[in-house]
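Chemist: Take this sequence and fold it.
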Amino acid sequence: MNSLPVPTLEISENPLSLDRAYAALADSRSGGVALFVGRVREFNEGKEVSGLTYTAHPTALERLADVVAQVSTRFTPLQIMAAHRTGELAIGEIAVICGVATVHRDDAFAACQLLIDTLKSEVPIWKEEFYLDGSAHWVGTP
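Modeler: Numbering: from 1, shown residues only. Here you go, the predicted model:
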């Protein structure tokens, strides 16, 4: 019996856990598990970053569920998960984790890439970066 995966979705001010993400992808039928982990980097656009803040629109979790559904129609994931932090993050902290478990690795890689790319373009979560020179910039906003 082939059932649709129940995705693990999270938007939270709490630190994200790689162990929790990997556990959400457990399925004895899967031969491939792909995880993408996005961290806060020290430099962006030639400036030294001191930290950042992520802000989520109230519909962000609903939109994240829509993105997961889109990915699930293009691939056949056995399990799928996506988690994004909000609030203040320091250099090196995990900002986002996306993961997919599939029968074969090629689908796991492709589905995971589509998941993170679509999440970044369609889920209303905005990043404000703060720089050591005292300036700040909203990244990826119109």
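Chemist: how near is the residue nearest to Arg105 when sequence neighbours are not counted to Ser121?
Modeler: Excluding the flanking residues, the one nearest Arg105 by C-beta to C-beta, 6 or more residues apart in numbering is Gly32, at 3.5 Å. Placement of C-beta: from N, CA and C, glycine included. The spacing between Gly32 and Ser121, counted by C-beta to C-beta, to the nearest Å, is 24 Å.
Chemist: Looking at these two, which one has more neighbours?
Modeler: Gly32 (17 against 9; other C-beta atoms under 10 Å).
Chemist: Was I right to think the more buried one contacts Gly99?
Modeler: No: in this structure Gly32 lies outside contact range of Gly99 using C-beta atoms under 8 Å: 10.9 Å.
Chemist: Which residues belonging to the longest helix along the chain are considered buried?
Modeler: Across the chain, the longest stretch assigned as helix under DSSP state H is helix 105-122. Across helix 105-122, burial judged by 16 or more other C-beta atoms under 10 Å covers Asp107, Ala108, Ala110, Ala111, Cys112, Leu114, Leu115, Ile116, Thr118, Leu119, Lys120.
Chemist: sorry, back to before: pLDDT at the residue nearest to Arg105, what is it?
Modeler: pLDDT recorded at Gly32 is 95.
Chemist: what's the spacing between it and Leu119?
Modeler: 20 Å.
Chemist: so where do the strands sit in this protein?
Modeler: 8-12, 32-39, 43-44, 47-56, 79-85, 87-89, 94-102, 125-131, 136-139 (DSSP state E).
Chemist: could the ones you listed go into CSV alongside distance to Gln70?
Modeler: CSV is the format used below for the strands of the chain (distance: least, C-beta to C-beta, whole Å):
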stretch, distance to Gln70
strand 8-12, 13
strand 32-39, 16
strand 43-44, 28
strand 47-56, 19
strand 79-85, 11
strand 87-89, 27
strand 94-102, 13
strand 125-131, 17
strand 136-139, 23
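Chemist: Val67 is nearest to which of those strands?
Modeler: strand 79-85 (7.3 Å; C-beta to C-beta).
Chemist: I'd like the average pLDDT over that closest one.
Modeler: 97.
Chemist: In this structure Phe118 contacts Ser72, no?
Modeler: Just so we're on the same page, residue 118 is Thr rather than Phe. No: assessed by C-beta under 8 Å, Thr118 is found out of contact with Ser72, at 11.5 Å.
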